[in-house]
Structure formats: C-alpha cells, structure tokens
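[1] I'd like to go over a predicted model; first the sequence, then the structure.
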Amino acid sequence: MTVAATPPHVLMPGPYPEWDMAPMQANYTLLRWWEATDRQAFIAEHAPAIRAVATRGELGASTELIASLPNLELIACYGVGTDGIDLAACRARGIRVTNTPDVLNGDVADLAVGLTLALQRRIPAGDRFVRSGEWAKGPMSLATRVFGQRVGIAGFGRIGSTIARRLSGFEMELGYFSRTAREGSPLRHFNNLTAMAEWCDVLIVILPGGEATRGIVDAEVLQALGPKGWLVNVSRGTTVDEGALLQALEQRTIAGAALDVFLNEPRIDPRFAALDNVVLHPHHGSGTEETRRAMGELVRRNLQAHFGGQPLVTPVA
C-alpha cells in the first residue's frame, strides 16, 4: 500500500482571510505561529519541516527567522512591500521570494486620491460637524480647493503612475520624484525631493520601504512643502521622519497630512489623535474584498507553482 506524502509544511506568522485559509489548509500543513504561546519553542520544534513561509507585508520575515529555518525554500508575501523580508539573506541561501504586485495598484491609488480629497475638503470634519449638531448653529468653516493644484508624487512605479492617471481628471499639474525620468511620461520629473516639495501643493508619498528611503521625507522636505502644503502618505511609515512630521503639524508649518501608514503600527504615536489637521487611516490601502481575494489567490498560485516545480508567478528574488 502506498503511503500518502505529507503535505508541505508552511509557516504562517499571521492569519489570512478565511477564503484563503481553507484552501491552504487543504493543501499544506499550516503552522499557525501567531497562535503559539511560546513562539521561540514553536519554531525550534517545527523548524526542520518548514519549507515555506506565507507572511504578510507588515509581518515580513526577519533575518533571525530565516536563519532558524534550515530547509526554507520559499517566502510568499501577501502584499507588495517586501521591506520586512531580509532579501539579502534569501539570496545568499537561494530562498525564493514572491509578492502580490499589480492587483492592489488601483485600490491604493483610489485611497491616495480619497485621502487627498478628505484632507483638503475636510470630509471627516464635515461628518463630525453634521453629527454633532453644530450645523444648526451656523455654517462650517471653509475648506481648500482640490482641482487645479500642483501635486508631486514621490515614487513613480506601478502605483505612483496609477495615482497620476487618477488625478489627471482633476485638472492638476502633476510632477513625480524618482532617480531616473520615466521615458514617454509628460509629467514633470524631479530627481530632488526637496525641490519637488517646494514646487507642489500636495506631496503624495508612494515610495517603497527599506533603508534606502528611511526618513526621506524629513524636516527639510516638510519645510519646503510649507504652511500651505499638504502631505499624503500611502507607502510605509518609515519613509517619513515622524518626529519632524508631528512637529510640523503641531506648529502648522505644513497645512495638514493624511496618513494610511505610521511607525509602530497599530500603536501609533498618541500625538496624532490630538491634531485637527490630519486624516488618519489604518493601513488599509489594499483593503477591499476584491483586492484581498486577488492577493490571496496570488499567494496560493505561487505556493502551488513552487511545490509543483513550475516557474513562480510573481517572483521578487
């Protein structure tokens, strides 16, 4: 009698939606690390069997975790950002890495536009104004016109270019910051972020995370943006010097900010909650059912391809 092979062991640092968990459970031995009371002992017990890690962008896969898994072959990331994964360690050991690009471009771009509108047209403040009954006492204070402004997009990859297409309908003058100019793009190119911040009314940040961009939106950039300038961040909390941003918001040396990402998520700096010139959002750029289903499907297709000996669908490394 033939003994059925044991399904590949896949470590999960955090859960996926149930519509992904069920089919993954049917095909793999899922090790639910987030449920372990002693995470270190859990890894020590299961490390030799683990062949893949199915992680999320905000959870990543640390240098220490990768080093502790001697038979690791693949890290599949639910999300586009891989800054939380030690890619150098993966390359050194021949561990493959995948992510879920493209399927979330539209959602993140939509949110960037939505946050810009919410911030400048004061939509959350208007909602509170009506609910509180203040409207009956008199009109709400005026907001800022959105159309016709200059918008600088920091980062002009898949999502950045999608944001630009969305904003083109607002009769805006658009520019972008990147190391090299995009061939064929009619938008104004900046290779200096401070110069673009000085030029634009709204600075939208969609740069990748990691050491190369850590704190790139610093006090100098914020000073260049100025007291009539607005910041929208839909990238990573690490791309903005958060201390400098809080100081700029509190002292109103910039007009305001709309933020989907923060340092120390989800336990963000409480100073943000006290400000009336911010719109705060819980790192939910890809947070629609349609996109999350597509992201999960990509993770599962990459796992299936790897263990089936086929080329990966969306390889990063």
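    Right, received. Where do you want to start? Numbers count the residues shown, from 1 in each chain.
[2] burial count for Ser185?
    14 (other CB atoms under 10 Å). All C-beta atoms are positioned from the backbone trio N, CA, C, and that covers glycine.
[3] now Val232
    Val232 has 29 neighbours, counted by other CB under 10 Å.
[4] so it, which of the three states?
    State at Val232, reduced to three classes by DSSP: H, G, I helix; E, B strand; the rest coil: strand.
[5] now do the contacts for Ala195.
    Neighbouring residues of Ala195 by CB atoms under 8 Å, 6 or more residues apart in numbering: Ala224.
[6] now the one 3 residues further on
    The neighbours of Glu198, taking CB under 8 Å, 6+ apart as the test, are 224-226.
[7] next one: it from Leu222, what distance?
    Separation of Glu198 from Leu222 (CB to CB, to the nearest Å) stands at 11 Å.
[8] shared neighbours of these two, anything?
    With CB under 8 Å, 6+ apart applied, the contact sets of Glu198 and Leu222 do not overlap.
[9] quick check, pLDDT for the residue lying closest to Asp86 once chain neighbours are set aside.
    Of all residues not flanking Asp86 in the chain, Thr63 sits nearest, at 4.4 Å (CB to CB, 6 or more residues apart in numbering). Note for Thr63: predicted pLDDT of 97.
[10] and if you look at Met1?
    So, for Met1, pLDDT stands at 45.
[11] that older thread, what subset of the contacts of Glu198 is buried?
    Neighbour-count burial (16 or more other CB atoms under 10 Å) applied to those gives 224-225.
[12] name the nearest of the contacts of Glu198 relative to Tyr16.
    The closest of these to Tyr16 turns out to be Leu225 (CB to CB; 37.7 Å).
[13] quick one, what contacts the residue nearest to that closest one when sequence neighbours are not counted?
    What sits nearest to Leu225 in space, not counting adjacent residues and going by CB to CB, 6+ apart, is Ala197, at 4.5 Å. By CB under 8 Å, 6+ apart, the contact set of Ala197 is 152, 203, 221-222, 224-225, 229.
[14] give me phi/psi at Gly256?
    Gly256 has phi and psi values of phi 170, psi 180 when expressed as degrees, to the nearest 10.
[15] now do the contacts for the closest residue to it other than its chain neighbours.
    Using CB to CB, 6+ apart and skipping residues adjacent in sequence, the residue nearest Gly256 is Asn277, 3.8 Å away. Going by CB under 8 Å, 6+ apart, Asn277 touches 249, 252, 255-257.
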